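Trainee: sequence and predicted structure, then a few things I'm wondering about:
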Amino acid sequence: MTAYPIGVEVACDGPDEQTDCPDSAAVRARFTSRTARQVRSDGRRDGWVRRRRTGRLLDLCPGCAAGAEQDGAQP
Ligand SMILES: [Zn+2]
């Protein structure tokens, strides 16, 4: 067993409910980020957003967040 705590991973929940993130993106936590809250604040700096959808909070990577905003706008 290692003495180091396992880092928190915040993974992308995908552009919509049925679709997985095409990049399987996850926030790359900085060395000092130990909690989910700290990791999410790292992600925000890289363009990650949190969305509420049907009562759940989702984490979206920059790619999926952009896709969700242009939903159906482009063919
Ligand atoms: Zn994504």
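Mentor: Received, thanks. Numbering: from 1, shown residues only.

Trainee: what residues does the chain have near the ion?
Mentor: Listed as neighbours of the ion in the chain under the rule Cβ under 5 Å from the ion: Cys12, Cys21, Ala25, Cys61, Cys64. For every residue, glycine as well, the C-beta is placed using N, CA and C.

Trainee: the last one: neighbour count?
Mentor: This points to Cys64. The local packing of Cys64 (other Cβ atoms under 10 Å) involves 25 other residues.

Trainee: surely it is in a strand?
Mentor: No. The assignment for Cys64, made by DSSP: H, G, I helix; E, B strand; the rest coil, is helix rather than a strand.

Trainee: and the residues of the chain next to the ion, which of them are in helices?
Mentor: Cys64 (DSSP state H).

Trainee: the residues of the chain next to the ion: which two are farthest apart?
Mentor: With distances taken as Cβ to Cβ, the most widely separated pair in these is Ala25 and Cys64, at 7.5 Å.

Trainee: what residues are shared contacts of those two?
Mentor: Cys12 (Cβ atoms under 8 Å, 6 or more residues apart in numbering).

Trainee: turn the residues of the chain next to the ion into JSON lines, including distance to Val39 and pLDDT.
Mentor: Conversion of the residues of the chain next to the ion to JSON lines gives the following (distance: Cβ to Cβ, whole Å; pLDDT from 0 to 100):
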{"residue": "Cys12", "distance to Val39": "13", "pLDDT": "95"}
{"residue": "Cys21", "distance to Val39": "16", "pLDDT": "93"}
{"residue": "Ala25", "distance to Val39": "13", "pLDDT": "92"}
{"residue": "Cys61", "distance to Val39": "13", "pLDDT": "95"}
{"residue": "Cys64", "distance to Val39": "17", "pLDDT": "93"}
